[in-house]
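Enquirer: Whatever this is, show me its structure:
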Amino acid sequence: MISISFFSLLSAHILTANDGYIYSYFLDNTRTINHEYVIFGIRELNSTEFQSYCSNNASLSSLMPPIADTTVNFTSNYHIRTYTSACYYLDKDSYWQTKDIVVGPQTTYGKTQCYANHLTTFAGGWIVLPAPINWNYVFANADFSKNKTIYLTMILLAIFYIAFMIYARYKDKRDIEKLGVTPLPDNLINDKYYYQIIVFTGFRKDAGTSSKVHFVISGDDEETGVRTFEDPHRKILQRGSIDSFILAVPKSLGRLNFMRLWHDNSGLGSEASWFLKYIIVRDLQTMEKTHFICQQWFAVEKDDGAIDRLIPVAGEAQKSEFAYLLSKKTYYSMSDGHLWFSVFSRPPSTRFTRSQRCTCCFVLLLMSMLMNIMYYDQSAIAKSHTVNGITMGPFYITPEQIAIGIIAELICFLPSTILVEMFRRLRPRRRPVSPVREALRRMQNEHQEKQKQVALSDIYPQLTNYIVNSDSILSRNELDTMRNTLVSPLPDKQISYRINQQELKIKKKNKKITLPWWFIFIAYFLSFLVVSVSILFIIARGIEFGDLKTRKWLTSSVTGFFSSILFTQPVKVIFMALFFALFIRRDDDNMIDDDDDDIFLNGDEEYLHAFDDGSLLTFRSKSGYIPLTEGELVDARNSRLNEIKMWKIIRELLAYSSFLWILYVVSYSTHDPNAYYLVQHLKKDVLDLNSVTNDFTQIYRLDQYWDWLSTSFVPHIRASKWYNGAPPTNLTGYIDDKTNRILGWATMRQLRVKPDSCTPVSSFQNISSLCEAAYSFQNEEQRSFNSGWTSIYNSTIGYSGNYSLSIIKAFLYNKSQSLDTYPYVGEHATYHGGGYVYEFRGKMHEMLANISLLQKLSWIDMQTRAVIIQMSLYNPNVNLFISVTILAEFLPTGGIYPSARVEPISLLNDLQGFALFKLICAILYMIFIIYYMQREARSLFNHRMQYFRDFWSYPEIGIITCSWTGLFVYLWRIREGDRISKLFKETNGYAYVNLQLASYVNDLLTFLLGFCCFFGTIKFLRLLRFNHRMSMLSSTLVYAAKDLISFSFMFLIVYLGYLTLFFLLFHAKILACSNPLSTAQMLFEMMLLKFDVSDLYAADIFLGPFCFTLFIIFVVFICMNMFISIISDSFRVVRHNISLQSSEHEIVDFIFNQLKKWTGIGKTREMDRLHLNPFDGTHVHYHDPITTFPDKIDELLIALNTIYMDTKRNDTLMFRPIGHNTSEIVEKTNAISENTDENSKN
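Expert: Residues are numbered from 1 along each chain as shown. As a prediction, the model looks like this:
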């Protein structure tokens, strides 16, 4: 007798919902002391023991363990899980101990219950530390071949960092050119009052311009005249740019009122238009800022088509508007606040360079990857803990998960934030110089230098000649003293005062805390240190994970990384902008102030802007720009709209061609080219099509069917001997062709109708009392019988007869759920998934004997309506599954109607080679679908119900619907393939696998892809609307729509009349007329004159030809010609009426004209009409001399006045007494010059 120390009876009545209806057997640590191992045994109680021990009235405490020294078979499956748990405390020496602590009986897999009889210190908390790294294992398994994923990931990250640093450094050098303030080229030396103009170009698509932008600023006292934004050294007014200019005027303009801006539309293509956000004008004498808010396009093709706008000064209310503040804050936040986006959109005026931002991004990325990999397993473990969790609807979070999130964010946030602030707060190595002050000083120095040159070149030679001729005693030293006095800098107290005031204001401003320039080395050292440590620990943890688990971690990390950059951070930036725009409604121009006080040109950088040569004849002429006339503006707008339409068509053509190509790749790649040959082979092999006597498709009697099963089918589902008599070694499970592997076994399922399911006509009941109806779901037999259909099977009595289990099961009804089968559509009915099933299992002679026995037992009789043989195969050579379904329909009319389906299915993809290419194409295809879906949604929102009146909307809806449905079906097919492959792997291919569902899913996917190709190809026809002939066809059909609808009703009546005639006359004589649907198909073929008339002659020698002749005369000769006449007449009307034709084909002429212009092949008609330059497409205006004559006269008078004043100055200097103060003479001369200038203006 076996000795049992402890036992427990696992009875059903002890199960509760608290334990999840799971049996548990618990041994605490008091029972396992001094034992090295524990042996468990489990067995099933028989029915007698169950009644004795497990009834509700039994007392388990008084029972002895039921011991039986016999082998007991289990009648049901079960799963078992073993686990251990322990309780520890930390003693005074910091060692973990288990003394006097007992594990409680309520311990489960997820939690532990502890009992202790002494008071000790316990610790708890939310802090979750990552698992320590086993460095011995890491160093022992650090081979590259074992850890390709983690090594290649780090190598690729390093390559990307170097590439981005090269790009960032290149852009940093380009940004240096954008620094500083540009003096306007049309500034005059004598103009001493300065304004700074800061222009903010929008960040929208095509917002920048290369057209010349002119402006006029008007104030209470004066206006600037026509001035031009221009910089000969760099491009200005580009997309997202902030350009600063110095405007010089003779005197203050007073309080500014408005600003007029326009451009000459001289840019090419999209560079002609300009989107202006706003302009800030600052008086550099008073430092007062004035805002001009625009937020509009200067473009002939957008908004109202205006390129000339008058912008008033923005008041405080306008500067506090929500839309203005939101766009301003969002722009600054996205371009400078978003760390990743700012690498590409960083404002040039900030000290935080792109290369420094790139380094910070790399540090943040590696820190995030480090935290992700260190807590990769810990997060899943924390999620499994259900104690003290927080539930919010469908979401559940544990304190451990919160702790992991906080720790990870702190470790990632603090180093990256410190590095970012260190880079932002670095002081320049050399003393900064404000660009505005630098521009003012240079302008002053240029002024003084010009005056020196004038004094030396014009006055000094004449004065020397006068002195020499008048007084020979005058010494050389006196002459040099006079010369030095004349060329000394002219005093400009006003400018000096302004600069000093600026310096005082700058010193008074509160400066932020900055760091010495050499802190940049510390920042880069810390970055290198953080990156090195992160890479080391990432590689170490990746080696511990192994290559497979590392791929899973990498997938989750990449997904989280891109979702953070593209979704989380932009949403955060937008919400912060909304918060500031709603609650902190303040127009903050700190960035503009920083441009003056903090942003500087380094000493080793070359200043790009210097004054051009200014002679005595220098004057500011009026702008030579002649505004576009109304007609030219309309022509320019039409030309630009046609150009936009042209590029839209080209993009649409290229994009849709790519989309259609990807669609064809996705659709056709689901079908293996070997499928046809595999199907033909299996049909010939299994159906025995080449046999004269056993061809399945020629069966029409029951004895032929039994012969085919015995002589053809059964021998082909087992691998026979080789041609030389050798046994089929290692071919267990293969069919006779030794190529295709059967999955499990084949089944033969019968569907029957109930006895006496119909009643004979009363006059014939005496002759025949048997009546078996056709099959339907309502009259299907679903009872189980004993062998031979002799009596109803009774489960309490058991089986009757001495037959094998497979024969007995063949007479028992099985539901579709237990068979894993589904309804099947035959030629004459749709058959249910259940039935009476015989399984082709065992050796060949056993199956042949069972087939013979089933024939003797009349397994197929008068109540049989269908026998379905199903078999699942797998061909490893071409990686295809095959679902074989052989149907024999036993018709109530007598006879057998055979049919078969052999469907190859591609379920397994290894994501290598072409399979990976297909996956990439599928992803690109869905990206296209998402784009088309949002485009159609926007179109529906804009056009409302008018959207559904457009014919081309329906192909779009069809392709989007079929694509998304196809995606879900594709995922369903992948899931079904995983289930089948998993089952096949677990059972080594010996478990029954039914591919019927996989076949249905594959067929559904094929249908959806077919409709996608159909809609996609139909949609491609829309691109042909620009062809004149195709547009004429479309216009013709639209014009003839009403007549065609009326004709369709008439034709439908005639067609239905002939359909009824042919169906009633020939439904029993011609197969094509056996039902109305096939009759309609036959008439359609007859209408196309593709019909064989011999069947009609054979059916009835008179009615056949007579009905055929009537159909040809009325339908083909009359109706079809009427249809053609309607189309021809409509085409004639449309061709002679231009208003009925579409004008979209004109864009083709425009495209050819543009092509000629680009290639320089001749002048186009459009250029002749619009007076365009054939080389650049700009307008060539004719300048009328009468129009420009007043401006030329003004320029001549200014030049003569300048020469006259120079002559007066020379005379004053030449005839002054010797010893007179030279500086006073210069001041008087300047005063005279200023008075004369004012008089000339007046």
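Enquirer: What ranges does the stretch 851-1000 of the chain have for its strands?
Expert: Applying DSSP state E, counting those that start in this stretch to the stretch 851-1000 of the chain gives strands spanning 864-875, 880-890, 896-905.
Enquirer: Make CSV out of those strands and add mean pLDDT and mean neighbour count.
Expert: In short, each C-beta sits where N, CA and C put it, glycine included. Output for the strands of the stretch 851-1000 of the chain, formatted as CSV (pLDDT from 0 to 100; neighbours: other Cβ atoms under 10 Å):
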stretch, mean pLDDT, mean neighbour count
strand 864-875, 93, 23
strand 880-890, 93, 23
strand 896-905, 92, 18
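Enquirer: Tabulate those in CSV, adding columns for distance to residue 187.
Expert: Below are the strands of the stretch 851-1000 of the chain laid out as CSV (distance: least, Cβ to Cβ, whole Å):
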stretch, distance to residue 187
strand 864-875, 84
strand 880-890, 80
strand 896-905, 79
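Enquirer: Helix or strand for residue 631, just tell me which one.
Expert: helix 630-668 (DSSP states H and E).
Enquirer: any idea which element residue 1079 lies in?
Expert: helix 1076-1087.
Enquirer: for that helix, packing partners?
Expert: helix 1041-1066, helix 1103-1111 (3 or more Cβ pairs under 8 Å, 6 or more residues apart in numbering; DSSP states H and E).
Enquirer: so where's the stretch 801-950 of the chain uncertain?
Expert: Scanning the stretch 801-950 of the chain for pLDDT under 70 picks out 801, 910-913.
Enquirer: one more time with 50
Expert: Scanning the stretch 801-950 of the chain for pLDDT under 50 picks out nothing.
Enquirer: What ranges does it have for its helices?
Expert: For the stretch 801-950 of the chain, helices defined by DSSP state H, counting those that start in this stretch occupy the ranges 805-809, 816-819, 844-856, 914-943.
Enquirer: Going by neighbour count, list what's buried in the first one.
Expert: Put plainly, it is helix 805-809. 806, 807, 808, 809 (16 or more other Cβ atoms under 10 Å).
Enquirer: Let me have those residues in TSV, adding distance to residue 650 as columns.
Expert: Shown next, in TSV, are those (distance: Cβ to Cβ, whole Å):
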residue	distance to residue 650
806	69
807	73
808	73
809	68
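Enquirer: quick one: which of those is nearest to residue 210?
Expert: Using Cβ to Cβ, residue 809 comes nearest to residue 210 of these, at 85.0 Å.
Enquirer: That closest one is in contact with residue 838, isn't it?
Expert: Yes - taking Cβ atoms under 8 Å as the definition, residue 809 is a contact partner of residue 838 at 7.4 Å.
Enquirer: Next one: the residue nearest in space to the middle of the chain from residue 963, what distance?
Expert: By Cα atoms, centre = their mean, the mean C-alpha position of the chain lies nearest to residue 927, the distance being 5.0 Å. Per Cβ to Cβ, to the nearest Å, residue 927 is found 11 Å from residue 963.
Enquirer: What of residue 215?
Expert: Counting by Cβ to Cβ, the gap from residue 215 to residue 963 is 51 Å.
Enquirer: Give me the domain ranges for the protein.
Expert: 180-314, 435-508, 642-671+913-1027, 1032-1140, 1145-1181, 1185-1241 (automatic domain parsing).
Enquirer: where's the helix holding residue 631 relative to the chain centroid, distance-wise?
Expert: Centre-to-centre, helix 630-668 and its host chain are 22 Å apart (Cα atoms, centre = their mean, to the nearest Å).
Enquirer: mean confidence score for it?
Expert: Averaged across helix 630-668, the pLDDT comes to 84.
Enquirer: Now do that helix against helix 914-943, angle only.
Expert: 140 degrees (axes from the mean of the first three to the mean of the last three Cα atoms, to 10 degrees).
Enquirer: Ignoring the adjacent residues along the chain, who's closest to residue 780?
Expert: residue 832 (5.8 Å; Cβ to Cβ, 6 or more residues apart in numbering).
Enquirer: which ones are touching that neighbour?
Expert: 751, 777, 780, 816, 823 (Cβ atoms under 8 Å, 6 or more residues apart in numbering).
Enquirer: What helices and strands are in contact with the helix or strand containing the first one?
Expert: The reference is to residue 751. Per DSSP H and E, residue 751 falls inside strand 746-752. On a contact count with 3+ Cβ pairs under 8 Å, 6+ apart, strand 746-752 meets strand 835-840, strand 864-875.
Enquirer: how about those, which one is nearest residue 415?
Expert: strand 864-875 (54.3 Å).
Enquirer: That closest one pairs with which strands?
Expert: Within its sheet, strand 864-875 is paired with strand 741-742 (antiparallel), strand 746-752 (antiparallel), strand 880-890 (antiparallel), according to DSSP bridges.
Enquirer: what is the mean pLDDT for the first one?
Expert: Model confidence over strand 741-742 averages 90 on the pLDDT scale.
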